[in-house]
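Visitor: please find the sequence and the predicted model below.
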Amino acid sequence: MAWGASLQCAAVGAAALLLASHPLSARSGADETPAPRPVQIHFVDNFTQTFAVPPEFLWAELKRMYIDGNKYRDLGFAIEVLPPTPEAPLGGTIVSQGEGKTIDRRIALFTAIDDTRRFLALRVIYSTGIAAEVSYDVREAPGGSLVQLIVHAQQPMPATATTHDAAAVRREAEALTTFHYDQLVTMWAAEAQRVEALYRAGAAPAPR
């Protein structure tokens, strides 16, 4: 799961969060206690994609995509660049699409931008309540370069789950990991084709 990849059960997770946050969602009555917060599923994605381009070219394009926000601008998202603050000294971006209950909003706060190591790390918060720590590590590789993507994420247990014991949560985490890996294979294969075509055309990203 890159921070732009879709997340399984996002709508269900959002509903679960809304259900948990509203004290009258279970039943009415003055003596009621708020519904408990849903159990969080923690899972990790570890994915590598190779590119037939030099690592400096890939790094420049990766920054254009995620730091400048052009990946989402190209998809029709509105982009707001967040200036550095004491809480987020490297700044960040807010990307959003839609409005009201259907809005897709993602806040990214950069935690590491290392041009020497070609390393980018960020924390992403989705409008569904899902949170993730994401890193991109660009390295030289035979035939060109590679990017290693590591994601540590959590999202609420689906509201439809009948059990919330350790075994059930583990099964959900394993299913999410498999689902996201398949998404990453498709998404990054397409990115590799696009980036390699840019390189062949000589359309190197402008230096930052």
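Guide: Received it, and whenever you're ready, just let me know what you need. Residues are numbered from 1 along each chain as shown.
Visitor: bridge partners for the closest residue to residue 173 other than its chain neighbours, pull those for me.
Guide: Nearest residue to residue 173, sequence neighbours excluded (CB to CB, 6 or more residues apart in numbering): residue 43, at 4.3 Å. Bear in mind the C-beta positions are built from the backbone N, C-alpha and C, glycine included. Beta-bridge pairing for residue 43 (DSSP bridges): residue 153.
Visitor: which ones are touching residue 43?
Guide: 153, 154, 173, 174, 176, 177, 180 (CB atoms under 8 Å, 6 or more residues apart in numbering).
Visitor: over to residue 74?
Guide: The contact partners of residue 74, by CB under 8 Å, 6+ apart, come to none.
Visitor: give me that answer again for 10 Å
Guide: By CB atoms under 10 Å, 6 or more residues apart in numbering, residue 74 lies in contact with residue 65.
Visitor: mind listing what's buried in the lengthiest helix in the chain?
Guide: Determined from DSSP state H, the single longest helix within the chain is helix 166-201. Across helix 166-201, burial judged by 16 or more other CB atoms under 10 Å covers 169, 172-173, 176-177, 179-180, 183-184, 187-188, 191-192, 195-196, 199.
Visitor: where does the protein have low pLDDT?
Guide: 1-36, 161-162, 203-208 (pLDDT under 70).
Visitor: in it, which spans are strands?
Guide: 40-51, 78-82, 92-97, 104-114, 119-126, 131-141, 144-156 (DSSP state E).
Visitor: what does the third one rub up against?
Guide: This points to strand 92-97. Under the criterion CB under 10 Å, 6+ apart, residues 3-4, 66-69, 71-73, 75-85, 103-111, 122-125, 127 lie in contact with strand 92-97.
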